[in-house]
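Peer 1: Quick one, structure for this:
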Amino acid sequence: MQCRELNSTAAKVLKQRTQFSANFIQRLGLEAELEGHQGCVNCLEWSPNGLHLASGSDDTNVILWDPFRHKQINVIPTPHIGNIFSVKFLADENVIATAAGDCRVVVQSVSGALDKSAPLLDCACHIGRVKRLATAPDQPTLFWSAGEDGLVVQYDLREPHECPTQSKVLVDLSFKSEIKCIAVNPTKSHYIAIGANDCFVRLYDRRMIKVSMANLSFNPSKRTSPQPQNSDCVQYYAPGHLARENAGIMSIKLSVTYIAFNSAGSEMLVNIGGEQIYLFDVNNSRHINELKIPQNLPKRPHQPYRNCCQPNVLLAELNGVSADLFEKNTDCACFYMRRALQAYQRKWMGDLYAAARDYLHVIQHWPDHKQAYIGLIKCLIAMKWEDEANAWLKHFTKLYPECETSSQVKFLVEELQALKNSVKFEETGVKKVEDDEKKLRLDSFDFEKIYIGHCNTTTDIKEANFLGDCDNYICAGSDEGIIFIWDKKSMNVVRALFGDNSIVNCIQPHPSACVIASSGIDTAVKIWSPRPEDGKVNNRIVKCISTVVETNQHRMSMDPFESMLASMGYQIEGSALDGSSIQEVPTCRTS
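Peer 2: Numbering: from 1, shown residues only. From the prediction side, this is the model:
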């Protein structure tokens with residue numbers, strides 16, 4: 001104890017080792033189910049000191065819980081008439097803000113709400129459902145709301161607010177995009193990230209934005225056009241393959257359902273509906289055009305390629321349980337080559353692009369590895385990136401003219417010619433984006449890591465979060481009701497738990513203890529913590545993780561008709577869900 005008092009570093013190390021350690025992760029189990037809501041629980045929020053938990057629901061109530069004693073403290077009624085989608089503590093634990101499907105943002109004190117006093121703020125500036133609220137740790141009186149009307153509105157509790165004449169619009173995407181989520185960088189609160197119904201995260205520097213008073217109207221023709229913004233105030237982030245495919249169009253197939261910053265504010269975790277979970281490095285980002293031939297490829301190898309892995313050592317299954325091989329072989333060309341080959345053969349969402357990046361990594365570090373060039377070109381052809389494939393093929397044959405007559409190169413030439421001759425289809429009825437928007441999208445920064453396993457297609461409020469003081473783990477809910485936990489570095493699933501009878505949407509880790517709160521379609525809030533080592537069976541553990549992961553990936557790639565039937569409660573015979581005939585499965589409500 002004396003060491004902890006005198007040495008802050010020792011205290012920090014102790015906290016890091018006792019919050020979410022590998023042992024605690026393996027022992028996670030259900031501690032309690034908190035009953036009280038009469039509808040789906042759409043949002044959870046821990047108080048800053050971690051003593052209390054707030055939950056918001058379709059029943060339009062907020063419940064304050066003592067999660068460690070497993071009991072309600074207060075049921076707080078709100079004036080909302082729509083599902084509550086977001087709840088936040090403001091200033092202190094006695095003031096709570098909520099956002100809902102009735103297009104309103106409400107701020108009320110706990111005591112005032114219980115006494116049925118008028119709210120401190122009842123804002124109707126939004127003209128679309130308000131999906132998320134965001135706060136800044138160093139700005140206790142400021143908060144922001146994000147709505148499906150494409151607006152981010154800024155509030156300051158120190159100032160009077162009158163709708164809509166005093167609404168302070170920070171971001172206006174107009175009706176072009178529905179904003180689904182918002183997050184504030186915890187260490188640099190001038191950076192605000194928003195996600196919309198596309199694959200792009202927009203990171204704004206609010207120091208460069210002047211809030212405006214917008215003429216809000218449900219009639220788009222009467223709505224004031226957003227003021228032109230300085231393009232320097234925003235940076236886009238998106239997985240390279242998705243940015244390329246969606247740069248010029250307004251796609252309704254994807255949406256960013258949640259954004260979370262790590263505790264240092266240097267990383268951004270993004271859950272993309274209809275796709276995977278991606279980690280972005282905010283400070284040292286790579287560009288999505290990386291797969292174009294770099295100008296500074298090494299002329300000669302830094303180190304000659306050699307078979308550095310034993311032939312009988314197999315690469316651990318992608319996103320499997322074990323991370324041992326990853327830890328030992330990240331400086332080995334064989335590791336990246338084998339991982340790329342597995343991803344290329346598997347072809348789940350994002351696999352081809354991830355494989356191409358692995359092949360490029362080998363080329364950049366072991367430029368005499370000819371098979372890396374072959375693999376990269378095959379990936380580019382499979383992604384239908386004709387120009388890049390052609391450029392890399394020319395580069396390779398110029399670098400190694402003796403390979404031009406090889407069977408592999410001849411095969412690539414034939415495949416590339418077939419791609420050139422193929423009929424190019426354009427989706428009908430797809431809206432195009434403006435040139436300025438397209439330029440920002442094509443200038444996006446790419447992801448660092450990808451986390452595969454969950455399924456996010458049914459609701460647009462599904463979260464993903466960092467776990468632990470060092471943010472060593474990633475957690476997220478899934479459409480089949482499972483909570484997934486990944487090792488951040490290796491990207492492997494290290495634990496999966498049955499969390500809900502239908503869907504897990506919300507998953508919020510405690511700020512300082514090894515405790516997780518989750519919720520979804522069920523009316524109960526669930527509390528998870530390490531279970532005693534008393535020999536009792538933890539029946540919440542998912543044992544066949546690889547089967548669940550594969551099923552989820554096939555579910556996300558289902559055609560719209562199969563997806564519709566699945567959401568109605570049916571499985572398709574011969575579909576990727578399983579090989580059984582049509583049968584009823586649990587249905588769930590979408591948000």
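
Peer 1: Following the record's annotation, map out the domains of the chain.
Peer 2: 78-196+201-237, 294-421 (automatic domain parsing).

Peer 1: which is the next helix or strand following the helix or strand of the chain with the lowest mean pLDDT?
Peer 2: Ranked by mean pLDDT, DSSP states H and E, the helix or strand of the chain with the weakest confidence is helix 324-328, at a mean of 45. On the C-terminal side of helix 324-328, the closest following helix or strand by DSSP states H and E is helix 333-346.

Peer 1: What separation do you get for Asn456 and Asp92?
Peer 2: As defined by CB to CB, to the nearest Å, Asn456 lies at a distance of 34 Å from Asp92. C-beta coordinates here come from the backbone N, C-alpha and C atoms, glycine included.

Peer 1: Among these two, which residue is more densely surrounded?
Peer 2: Legend: neighbour count by other CB atoms under 10 Å for Asn456 and Asp92, higher for Asn456 (27 against 11).

Peer 1: Using the three-state scheme, assign the more buried one.
Peer 2: coil (DSSP: H, G, I helix; E, B strand; the rest coil).

Peer 1: Isn't it up against Tyr258?
Peer 2: No. Counting by CB atoms under 8 Å, Tyr258 is not a contact partner of Asn456; they are 9.1 Å apart.

Peer 1: Can you pull the residues that touch both of the two?
Peer 2: The contact sets of Asn456 and Tyr258 overlap at Asn271, Lys462 (CB atoms under 8 Å, 6 or more residues apart in numbering).

Peer 1: Work out for me the element the residue nearest the centre of the chain sits within.
Peer 2: Nearest residue to the geometric centre of the chain (CA atoms, centre = their mean): Asn271, 1.6 Å. Assigned by DSSP H and E, Asn271 belongs to strand 267-273.

Peer 1: Start from the N-terminal end of the chain and give the helices.
Peer 2: Ranges of helices in the chain, per DSSP state H, are 2-6, 8-18, 22-27, 110-114, 240-246, 324-328, 333-346, 351-365, 370-382, 386-399, 407-421, 435-442, 545-556, 560-568.

Peer 1: and of the ones you listed, who's closest to Ile194?
Peer 2: helix 435-442 (13.3 Å; CB to CB).

Peer 1: Return the set of buried residues in that closest one.
Peer 2: Across helix 435-442, burial judged by 16 or more other CB atoms under 10 Å covers Glu437, Leu440, Arg441, Leu442.

Peer 1: just the strands in the stretch 401-550 of the chain please.
Peer 2: Applying DSSP state E, counting those that start in this stretch to the stretch 401-550 of the chain gives strands spanning 449-451, 464-467, 473-476, 482-487, 493-498, 504-509, 516-520, 525-530.

Peer 1: chain center to the fifth one: distance?
Peer 2: On the basis of CA atoms, centre = their mean, to the nearest Å, the separation between the geometric centre of strand 493-498 and that of its chain is 17 Å.

Peer 1: helices or strands up against it?
Peer 2: Helices and strands touching strand 493-498, by 3 or more CB pairs under 8 Å, 6 or more residues apart in numbering; DSSP states H and E, are helix 22-27, strand 28-34, strand 482-487, helix 545-556.

Peer 1: got any ranges where the protein has weak pLDDT?
Peer 2: Applying pLDDT under 70 to the chain flags the ranges 1-18, 214-228, 294-330, 423, 425-429, 559-591.

Peer 1: so where do the strands sit in the stretch 201-350 of the chain?
Peer 2: 201-205, 234-237, 255-261, 267-273, 277-281.

Peer 1: Arrange these in a markdown table, one row each, with distance to Cys475 as further columns.
Peer 2: Listed next are those as a markdown table, based on distance: least, CB to CB, whole Å:
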| stretch | distance to Cys475 |
| --- | --- |
| strand 201-205 | 19 |
| strand 234-237 | 21 |
| strand 255-261 | 10 |
| strand 267-273 | 10 |
| strand 277-281 | 10 |
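
Peer 1: just to revisit the earlier point, and which of the buried residues of helix 435-442 is nearest Ile482?
Peer 2: Closest approach to Ile482 among the buried residues of helix 435-442 (CB to CB): Arg441, at 32.7 Å.

Peer 1: Which of the helices of the chain sits closest to Arg129?
Peer 2: That would be helix 560-568 among those, by CB to CB, at 19.8 Å.

Peer 1: about what we covered before: what's the residue nearest to the centre of the chain in contact with, if anything?
Peer 2: Val256, Thr257, Tyr258, Ile259, Ile277, Asn456, Lys462, Glu463, Ala464, Ala476.

Peer 1: Surely the fourth one and Leu269 touch.
Peer 2: If I follow you right, that is Ile259. Yes. Here Ile259 lies in contact with Leu269, judged by CB under 8 Å, at a distance of 7.1 Å.

Peer 1: Skipping its backbone neighbours, what lies nearest Leu248 in space?
Peer 2: Small correction: residue 248 is Gly, not Leu. The shortest distance from Gly248 to any non-neighbouring residue, by CB to CB, 6 or more residues apart in numbering, is to Lys438 (5.1 Å).

Peer 1: Same check on Ala118?
Peer 2: Gly112 (7.7 Å).

Peer 1: cool, and Val211?
Peer 2: Setting aside the residues directly before and after it, Val211 is nearest to Lys168 in space (CB to CB, 6+ apart), at 4.1 Å.

Peer 1: That neighbour and Asp156: what is the separation?
Peer 2: Lys168 is 8 Å from Asp156, by CB to CB.

Peer 1: Can you name the residues bridging to the residue nearest to the centre of the chain?
Peer 2: Tyr258, Ile277 (DSSP bridges).

Peer 1: ok, what's across the strand from the residue nearest to Val211?
Peer 2: Beta bridges link Lys168 to Gln154 when assigned by DSSP bridges.

Peer 1: ok, back up a step: will you turn the strands of the stretch 401-550 of the chain into JSON lines that also has mean neighbour count and distance to Val549?
Peer 2: Below are the strands of the stretch 401-550 of the chain laid out as JSON lines (neighbours: other CB atoms under 10 Å; distance: least, CB to CB, whole Å):
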{"stretch": "strand 449-451", "mean neighbour count": "21", "distance to Val549": "11"}
{"stretch": "strand 464-467", "mean neighbour count": "22", "distance to Val549": "16"}
{"stretch": "strand 473-476", "mean neighbour count": "26", "distance to Val549": "13"}
{"stretch": "strand 482-487", "mean neighbour count": "25", "distance to Val549": "9"}
{"stretch": "strand 493-498", "mean neighbour count": "20", "distance to Val549": "7"}
{"stretch": "strand 504-509", "mean neighbour count": "26", "distance to Val549": "15"}
{"stretch": "strand 516-520", "mean neighbour count": "26", "distance to Val549": "19"}
{"stretch": "strand 525-530", "mean neighbour count": "21", "distance to Val549": "20"}
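
Peer 1: do you know which of these lies nearest Pro48?
Peer 2: strand 504-509 (12.9 Å).

Peer 1: Now do that closest one against strand 525-530: the angle between them, please.
Peer 2: In terms of direction (axes from the mean of the first three to the mean of the last three CA atoms, to 10 degrees), strand 504-509 departs from strand 525-530 by 50 degrees.

Peer 1: and strand 504-509, which strands flank it?
Peer 2: Partners of strand 504-509, by DSSP bridges, with direction: strand 516-520 (antiparallel).
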